[in-house]
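>>> Return atomic coordinates for the entry below.
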Amino acid sequence: MPDILIGTFSSRPYVFAFFAAFLLACVPHVGWKKTFIFTAAAYLIAFSSEWLSINTGFPYGWYYYIDTTKSRELWIAGVPFFDSLSYVFLSYCSYATALFILSPLKGWRWGIATLETRRIRASFSALLLGAFLQTFLDIVIDPVALQGRRWFLGEIYGYRENGIHFGVPLSNYGGWLLTSFLLVAAFQLIDRSKICATHPAGGCNIPFRPLLGPLLYLSVLLFNLVMAIRIGEHLMALTAVFIYTLPILIVVVLSIQKMNRYSREEYEEHARDYPVGTRNSVISE
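Numbering: from 1, shown residues only. Predicted structure coming up:
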């Protein structure tokens, strides 16, 4: 068993690097207790969805895992441990990116803060946007992962029938959208709970903390683009670039436009909900 655990880390260092980045972003955001509970809940949701799909075809459609690495890394009931773990940081960075898009922004020379409120964080808009952001990330990830035999991921899974999107069936993305809704909803539910109520849930006063989630999101995207180019799948990489160029441009332009253009009411609502979540300074008139 110790060899399997060591092999799990050594075989998938990039997954655990992304997971470490998730911890660095999420713990200052909502506290370590909620981060731990969300990690456990998200893993169980992700594992259940994968176990159901390989045994029933729902929600992703029929696919199968190839257990060539079962002797070298941890598998649970036919599902690689690292695969379900990846859902945890994918759902958080998607939700954090949604909050960055939806919240007013306060900036100063050495920092930036999202003026999050309980209303924004619990909103259906954050749920919907977060779920779609995670699903669109998988539209880039899954075709690259399906070619795992051509890079260091290895050939670990396949679909019973060849799908129309670089071998991936559309049912997979429908399943991801459903699972992403459940994952983001779980985060919102845990965030609204009274667990660790004394924690400054608007985020610790760390410069540029609100950028950590979006940067993790972009890092996962960039990692998969690099892998696609590395294995010679230039059309796959170009398609991903076309998918994301306009949305990223829109977010950047709108973020610049709304920087420090919040109303007094928006600032006061944020300060009332999360008094330590932003830098203490006077609102510009």
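
>>> quick one: the helices in the stretch 51-200 of the chain?
81-102, 118-121, 124-146, 170-192 (DSSP state H, counting those that start in this stretch).

>>> Gln257 is in what secondary structure piece?
helix 234-258 (DSSP states H and E).

>>> Return the distance of the helix or strand just after that helix from the chain's centre.
Once helix 234-258 ends, the next helix or strand along the chain (criterion: DSSP H and E) is helix 264-273. Relative to its chain's centre, helix 264-273 lies at 27 Å (C-alpha atoms, centre = their mean, to the nearest Å).

>>> Can you list the helices and strands that the helix holding Gln257 packs against?
Helices and strands touching helix 234-258, by 3 or more C-beta pairs under 8 Å, 6 or more residues apart in numbering; DSSP states H and E, are helix 81-102, helix 124-146, helix 212-230. Where you see a C-beta, it was placed from the backbone N, CA and C, and this is true even at glycine.

>>> if you set the cut-off to 10 Å instead, what comes out?
helix 81-102, strand 105-108, helix 124-146, helix 212-230 (3 or more C-beta pairs under 10 Å, 6 or more residues apart in numbering; DSSP states H and E).

>>> closest to Trp176 out of these?
Set against Trp176 and scored by C-beta to C-beta, these come closest in helix 124-146, at 4.7 Å.

>>> the inter-axis angle of that closest one versus helix 170-192?
130 degrees (axes from the mean of the first three to the mean of the last three C-alpha atoms, to 10 degrees).

>>> ok, back up a step: out of the helices of the stretch 51-200 of the chain, which is the most enclosed?
helix 81-102 (a mean of 24; mean count of other C-beta atoms under 10 Å).

>>> okay, it in PDB with CA atoms only?
Only the C-alpha atoms of helix 81-102 are listed here, as PDB (Å, rounded to 0.1, in the frame of the first residue of the first chain):
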ATOM      1  CA  PHE A  81      -8.000   8.200  -7.500                       C
ATOM      2  CA  PHE A  82      -6.400  11.100  -9.300                       C
ATOM      3  CA  ASP A  83      -9.200  11.400 -11.800                       C
ATOM      4  CA  SER A  84     -12.000  12.100  -9.200                       C
ATOM      5  CA  LEU A  85      -9.600  14.300  -7.300                       C
ATOM      6  CA  SER A  86      -9.200  16.600 -10.300                       C
ATOM      7  CA  TYR A  87     -12.900  17.600 -10.100                       C
ATOM      8  CA  VAL A  88     -12.200  19.300  -6.800                       C
ATOM      9  CA  PHE A  89      -9.900  21.900  -8.100                       C
ATOM     10  CA  LEU A  90     -11.700  22.200 -11.400                       C
ATOM     11  CA  SER A  91     -15.000  23.100  -9.800                       C
ATOM     12  CA  TYR A  92     -13.400  25.500  -7.300                       C
ATOM     13  CA  CYS A  93     -11.400  27.500  -9.900                       C
ATOM     14  CA  SER A  94     -14.500  27.600 -12.200                       C
ATOM     15  CA  TYR A  95     -16.700  29.000  -9.300                       C
ATOM     16  CA  ALA A  96     -14.000  31.400  -8.200                       C
ATOM     17  CA  THR A  97     -13.700  32.700 -11.800                       C
ATOM     18  CA  ALA A  98     -17.500  33.100 -11.900                       C
ATOM     19  CA  LEU A  99     -17.300  35.200  -8.700                       C
ATOM     20  CA  PHE A 100     -14.500  37.300 -10.200                       C
ATOM     21  CA  ILE A 101     -16.700  38.000 -13.300                       C
ATOM     22  CA  LEU A 102     -19.900  38.800 -11.300                       C
END
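
>>> can you give me the angle that helix makes with helix 212-230?
Using the same axes, to 10 degrees: helix 81-102 against helix 212-230 is 120 degrees.

>>> Could I get the average pLDDT for helix 81-102?
If you average the pLDDT over helix 81-102, you get 97.

>>> Low-confidence stretches in this protein?
Residues of the chain meeting the criterion pLDDT under 70: 1-2, 196-205, 276-285.

>>> One more pass at 80, please.
1-7, 195-207, 276-285 (pLDDT under 80).
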